[in-house]
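**Student:** Here's my sequence, what's the structure:
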Amino acid sequence: MIAATPKERLMKVLLAPRVSEKSTFIGEKHNQYVFRVAADATKPEIKAAVELMFKTKVKSVQVTNVRGKEKRFGRYVGYRRQWKKAYVSLAQGQEISFQAPE
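**Tutor:** From the prediction side, this is the model:
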């Protein structure tokens, strides 16, 4: 059993939603949302953070590490930063609204 995570930590786990053609397609087809998350975030922390911030019920979380792309600057080779992406599946009938309440 995992100890309760403080709310301050949970507020720093989700960095931003990933809005792309692929994430929109996945969201419509499988009721999943894609987030950019902290590099050291775990699945239980991501689940707790989404449930806390969006007041929804999370069914499952899938996580993938995205490698930084190689970029060239003339003859020098550099890399973009690596980052972590989370696919969050919501329970039946749940949804997330990214618009601010009026």
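**Student:** which residues does the residue minimising distance to the centre of the chain contact?
**Tutor:** Per C-alpha atoms, centre = their mean, the C-alpha nearest to the average position across the chain is that of F35, at 2.3 Å. Listed by C-beta atoms under 8 Å, 6 or more residues apart in numbering, the contact set of F35 reads L14, L15, A16, P17, R18, I46, V50, K85, A86, V88. (Glycine included, C-beta is placed from N, CA and C.)
**Student:** now it: how far from F73?
**Tutor:** 30 Å (C-beta to C-beta, to the nearest Å).
**Student:** Sitting in strands, which of the contacts of F35 do you find?
**Tutor:** Counting by DSSP state E, these place L14, L15, A16, P17, K85, A86, V88 in strands.
**Student:** related to what we said a few turns ago, quick one: which of the contacts of F35 is nearest to F25?
**Tutor:** R18 (12.2 Å; C-beta to C-beta).
**Student:** For N31, see how far away the closest one is.
**Tutor:** From R18 to N31 the distance is 16 Å (C-beta to C-beta).
**Student:** next one: V50
**Tutor:** Following C-beta to C-beta, the distance that separates V50 from N31 is 13 Å.
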